[in-house]
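Enquirer: quick one, what's the 3D model for this:
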Amino acid sequence: MKTFARGAIAACLLAGPALAADLEFPSEVSWATYHPMAAQQARAIGDALHAASGATLHVQPGGSDLANAGLLRDGAVDFAATAVAGSIAAQEGVFDFAAEDWGPQKVRLVLANTDEPINFGIAVAGDAGVETYADLKGKRVAWYTDLPVVNVNTEAHLAYGGLGWDDVTRVEVAGSFGPALNALRDGQLDAAFAGANERSRKAAEGPRGLVWPPVDPTDTAGLKRLEAVAPYFVPHTATEGPAAAGSAEQHPGVHYPYPILVAREDTDAGLVEAMTTALIELYPRYEGKAFGIDGWAVDPQQLLWFVPYHDGAVAALKEAGVWTDAAQAHNDRLVARQEALAAAWAALKAENPDDWQAAWEARRHAALADGGFRPVF
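Expert: Numbering: from 1, shown residues only. Next up, the predicted model:
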């Protein structure tokens, strides 16, 4: 085991890896990641951790959020750096997690990158005549056959503009954002949900160009419609990415935390507390070391989000002085939500219905309604 002193990491950074004992850290710890940005951030965090304690952070690549979730569920990794699918969809038992061999997962939040400098939104071809989300009416919009959560994200932005899927032409796209942006560039569709990152920058340099309709933070009605579909989005002004870079104006939009570091409910609380403490106190060492990494700072953490924090993370956040009574009450409510979903799943498994998908959808919504929880998806 490697050890370091809580509250002493930053002060000891220049003193070498031998730190006083307070929190125990294993000699090796592992994160599952599937996106290059998450992997790059994990490696930078791992470098800081090794310098402070001598511990090694292994980055285990997965091909998708589901693959990451499988590594976490099976104990092949300690933590998973995931997105909405591997956190909220896993918790809710929807999409891939609605399969009989999955079900709602008791994932618990460790910490998240809550302030990365880009937005997520619908990228639109510059020649499509679209300035607002309402202008997407009648346009060809990407429907991701492999990414159902992304289709919810698209639906949320359409709702912001007062539209639904019936108001646009759905164009099926296999794979992730890259194929959709290529199809947009080549004239096969007009709009696709994506992140305003390097991949979309290349599409912006294509013959059609690229525009990102804004999300006005003062449009209360529009934001309410967006939030009703996807409550995990938060208003955000981009400072980097194609929607903002090179412009005197910053781009108003929305985003959600990414990467989102989660653990299993039964992951040792001491390990989670040590990992959370390391993320908080080693921040000065890894700050600026990878694109978008500065969002791991403790102050902007969204303590009232949609997945409950692990008990070990709560202990670290209390030590950091940021945990509140409101956060605890919210967390308790989220834990109760997970328990209600788990109980509903277990009861349905015992019944073994013929049409599993339909039965689970109905049982899930009933369990949430009975518990006074808001259904999503």
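
Enquirer: so how far is Phe193 from the residue nearest to Ala230 when sequence neighbours are not counted?
Expert: Distances taken as C-beta to C-beta, 6 or more residues apart in numbering place Ala156 nearest to Ala230, at 3.8 Å, with adjacent residues excluded. Where C-beta positions appear, they are placed from N, C-alpha and C, glycine not excepted. Distance, Ala156 to Phe193, by C-beta to C-beta, to the nearest Å: 9 Å.

Enquirer: Ala221 too?
Expert: Using C-beta to C-beta, we find Ala221 at a distance of 21 Å from Phe193.

Enquirer: more crowded one of these two?
Expert: Neighbours per residue (other C-beta atoms under 10 Å) separate Ala221 from Phe193, with Phe193 holding more: 24 against 9.

Enquirer: flag the shaky bits of this structure, pLDDT-wise.
Expert: Scanning the chain for pLDDT under 70 picks out the ranges 1-23, 116-117, 198, 239-249.

Enquirer: what's the longest helix in it?
Expert: helix 325-351 (DSSP state H).

Enquirer: any buried residues in it, and which?
Expert: 327, 330-331, 334-335, 337-338, 340-342, 344-345, 348 (16 or more other C-beta atoms under 10 Å).

Enquirer: farthest pair within the residues you listed?
Expert: Farthest apart among these by C-beta to C-beta are Ala327 and Leu348. That separation is 31.9 Å.

Enquirer: quick one: the helices in the stretch 51-200 of the chain, in order.
Expert: Under the criterion DSSP state H, counting those that start in this stretch, the stretch 51-200 of the chain contains helices at 65-73, 84, 90-92, 148-160, 177-185, 198-204.

Enquirer: most packed of those?
Expert: Ranked by mean neighbour count, those are led by helix 90-92 with a mean of 25 (mean count of other C-beta atoms under 10 Å).

Enquirer: hang on, Val107 packs against Ala90?
Expert: Yes. Assessed by C-beta atoms under 8 Å, Val107 is found in contact with Ala90 at 5.3 Å.

Enquirer: where do the contact lists of these two overlap?
Expert: Taking C-beta atoms under 8 Å, 6 or more residues apart in numbering as the contact rule, the neighbours common to Val107 and Ala90 are 69, 262.

Enquirer: domain ranges for the protein?
Expert: As assigned by automatic domain parsing, the chain contains the domains 2-114+257-343, 120-251.

Enquirer: can you put those domains in a markdown table and add distance to Arg374?
Expert: As requested, the domains of the chain are exported to a markdown table (distance: least, C-beta to C-beta, whole Å):
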| stretch | distance to Arg374 |
| --- | --- |
| domain 2-114+257-343 | 9 |
| domain 120-251 | 8 |
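
Enquirer: which one of those domains lies closest to Pro375?
Expert: Short answer: domain 2-114+257-343, nearest of those by C-beta to C-beta, at 8.7 Å.

Enquirer: can you map out the strands along the chain?
Expert: 2-4, 23-25, 28-33, 56-61, 79-82, 107-112, 120-125, 140-144, 169-173, 191-195, 210-211, 234-238, 251-255, 260-264 (DSSP state E).

Enquirer: buried deepest among those strands, which one?
Expert: Ranked by mean neighbours (mean count of other C-beta under 10 Å), the strands of the chain are led by strand 79-82, with a mean of 30.

Enquirer: and the contacts of it?
Expert: Contact partners of strand 79-82, identified using C-beta under 8 Å, 6+ apart, comprise 29-34, 38, 41-42, 62, 65, 68-69, 71-72, 86, 90, 107, 110, 259-263, 267, 275.

Enquirer: next: stretch 262-277.
Expert: Contacts with stretch 262-277, where a contact means C-beta under 8 Å, 6+ apart, come from 4, 6, 9, 23-26, 29, 72-73, 78-80, 82, 86-87, 90, 105-111, 261, 307, 310-313, 315-317, 319, 338.

Enquirer: the same query, at a cut-off of 7 Å, please.
Expert: Here stretch 262-277 makes contact (C-beta atoms under 7 Å, 6 or more residues apart in numbering) with 6, 23-26, 29, 72, 78-80, 82, 86-87, 106-111, 307, 310-313, 315-316, 319.
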